[in-house]
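# The sequence isn't on hand, but the structure is:
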């Protein structure tokens, strides 16, 4: 009986420790997520997209006459 | 001793000695007494202390830090975010003795500390615990942890990052080392953003792994996110163009606000000079949000309200001629001048008073009105009162009571001088009346999910007439530089001499511009003010109006706002258009 109790306690502690470890991994992933959010935010700055579109992709803004707008009403 | 006993034993072996028995008894008793006293000492008197010591080695109380909420723009783009970092602490008493030379060099390289700093913090310190370095990135902390330097410990911490840096600095604000909001939105929303830290008590095994919870866990309450009404793209454009104008005219400072005319949401609020909130070492820098905390005399941007008040009460008609006396007007010893007077021209229509920004004309129209009514109108559009956007340090400016105006006061207020000053924020808000059929919409820095009620100030027809007049400002008046291709623009320029120590400084001006676009049904209002331009012209038409044009050209595209002038190219339905080129 006493040995069973000791064994159960040991098993419990092992699982608890494992659970803690997994939570740590979770925290690590949270951290990574926040860093990726920051990175995404920096990379998606309007200025950056504007520059890449104009310089690397050689895109041009259409002139006023080339734009046809649809009447929403 | 043993010799002595042996001798004695041999000598007195057969003697019955009560003394000997008593001695042994006393010895045993003494022994037991010692044990009892010791037990009493440990379990009774010193119990608490010892139990504390024991639990201290196996129990740990963990503080569960609450993550500070994000600040995002209206589309969820991050403007401020906390990421976990570490504080590296040292116990100088241990580190002094146990740290090896090699460990010390590694510590210095990883933390980028100089040898002197380490000397100061560890070797010359008498404290129990010192911060070696705060806000250490997790990667560096992991390297350091692997070294297992004695006396060095780590504490979880958060660092705030601002991806938009300078662009939103004066608006979003910053936090202190302790993660308390010090400026801007961070300060205004500190309580909501902060959250409450939780705690848990755990049992450790000898390897330092957590094996059990001892007490109930108190979960941390995470901080709430704050969503601003700002649109990051528009904010950036506004900032860029404002910076360009300030640079070009070597001005001291400047502010610009873009608001959604229908909802009152602030889409952009930029200020210069600014600072980088990610780099606290550089000192606190110019943290002031001038658009909210600094007042100026508005000058001509006031005129539309004075003229609208007169139109509203039927005192004047748009085509009516107003005596402008060739740009001079005397009230007692006080003279009013027109900055853009045409020589020999004695009168102007009401529309021209607005388009050409005549001070004399505005003063005359102002003087026609009952001071109480005029004051009432200006008060209703929010002058002399805070907008209550919820920004720390906001001021409400001054609108002097009409009872203290007198003739001169009433005349000067009519063109935005003397007895009136306001923030750029108030000015931008006041122009919402011209975009909402005469209703003033309260502005906000936070995203609105429902339409907001306004306060009726002018009649619908009055506003329609006034917007047409303000289109005249752009078409053939002082605001030509504010034109935006494809759109009709209504607006008003303003130039005011700065009032310093009770005197107007001729060479120190504030150039401003407020514009509405598209004029047929205004969607966006933008207000700009440039403080003390020194190179080139100092007029609002030259320093502030071009900012409007440059920013709005892009904003119209970003927000997909249909064109409303001759370049409109608007077609009713898609299937009626033959696509000529494929894109």
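Everything's here; your move. All figures in this text were calculated on a predicted structure; none of them were measured in a lab.
# buried set for stretch B:318-334?
Residues of stretch B:318-334 classed as buried by neighbour count (16 or more other CB atoms under 10 Å in any protein chain shown): B:318, B:320, B:322, B:324, B:325, B:327, B:329, B:331. Quick note: C-beta positions are derived from backbone N, CA and C, even for glycine.
# Please apply the same query to stretch B:92-110.
Neighbour counts over stretch B:92-110 (16+ other CB under 10 Å) mark B:92, B:94, B:95, B:99, B:103, B:104, B:106, B:107, B:110 as buried.
# do the same with stretch B:336-346
For stretch B:336-346, burial by neighbour count (16+ other CB under 10 Å) applies to B:336, B:338, B:340, B:341.
# Quick check, the third one in contact with residue B:473.
No - if you go by CB atoms under 8 Å, residue B:340 and residue B:473 don't touch, sitting 11.5 Å apart.
# Give me every residue in chain A lying close to chain B.
Near chain B, the residues belonging to chain A are A:12-13, A:16-17, A:20, A:27, A:30-31, A:34-35, A:37-38, A:41-42, A:44-47, A:64-65, A:67-72 when assessed by CB under 8 Å from any CB of the partner chain.
# In strands, which of the buried residues of stretch B:318-334 fall?
Secondary-structure check on the buried residues of stretch B:318-334 using DSSP state E: residues within strands are B:322, B:329, B:331.
# show me what contacts residue B:476?
Contacts of residue B:476 were listed using CB atoms under 8 Å, 6 or more residues apart in numbering or on different chains, and they are residue B:355.
# And it, how far from chain A?
Taking CB to the nearest CB, to the nearest Å as the criterion, residue B:476 is separated from chain A by 21 Å.
# picking that back up, between the buried residues of stretch B:318-334, which is nearest chain A?
Sorting the buried residues of stretch B:318-334 by distance to chain A puts residue B:318 at the head of the list, at 28.7 Å, by CB to the nearest CB.
# The nearest residue to residue B:538 once chain neighbours are set aside sits in which helix or strand?
Nearest in space to residue B:538, with sequence neighbours left out and distances taken as CB to CB, 6 or more residues apart in numbering or on different chains, is residue B:509 at 4.3 Å. Secondary-structure element containing residue B:509, defined by DSSP states H and E: strand B:503-517.
# Give the buried residues for that strand.
Buried residues in strand B:503-517, counted by 16+ other CB under 10 Å: B:508, B:509, B:510, B:511, B:512, B:513, B:514, B:515, B:516, B:517.
# Which two among those are spaced furthest apart?
Pairwise distances across those (CB to CB) peak at 30.1 Å, for the pair B:508 and B:517.
# neighbours around residue A:33, how many?
A count of nearby residues for residue A:33, using other CB atoms under 10 Å in any protein chain shown, gives 11.
# follow-up on the earlier one: residue B:497 is in contact with the residue nearest to residue B:538, correct?
Yes - Residue B:509 is within contact range of residue B:497, at 5.7 Å (criterion: CB under 8 Å).
# Tell me where the model's unsure across chain B.
Along chain B, the model assigns pLDDT under 70 to residues B:1-16, B:207-208, B:280-285, B:566-583.
# So, low pLDDT: which residues of chain A?
Residues of chain A that meet the criterion pLDDT under 70 lie in A:64, A:69-73.
# how about the helices of it, start to end?
If DSSP state H is used as the criterion, the helices of chain A fall at A:2-43, A:46-55.
# Tell me what angle the last one forms with helix A:2-43.
Angular relation of helix A:46-55 and helix A:2-43 on a 0 to 180 degree scale: 60 degrees, by axes from the mean of the first three to the mean of the last three CA atoms, to 10 degrees.
# Helix A:46-55: which residues count as buried?
residue A:46.
# Which strands or helices does it pack on?
On a contact count with 3 or more CB pairs under 8 Å, 6 or more residues apart in numbering or on different chains; DSSP states H and E, helix A:46-55 meets helix B:232-248.
# Only the buried residues of the helix it packs on, if you could.
So, applying 16+ other CB under 10 Å, buried residues of helix B:232-248: B:232-243, B:245-246.
# Following element in sequence after it, please.
Proceeding N to C from helix B:232-248, the next assigned helix or strand is strand B:253-260, under DSSP H and E.
# ok but residue B:69 is inside a helix, no?
No - remark: residue B:69 does not belong to a helix; assigned using DSSP: H, G, I helix; E, B strand; the rest coil, it is coil.
# That one and residue B:179: what is the separation?
Note on residue B:69: its distance to residue B:179, by CB to CB, to the nearest Å, is 11 Å.
# Any residues of the stretch 1-150 of chain B in contact with chain A? List them.
The stretch 1-150 of chain B has residues B:77, B:78, B:81, B:82, B:83, B:84, B:138 near chain A, with proximity defined as CB under 8 Å from any CB.
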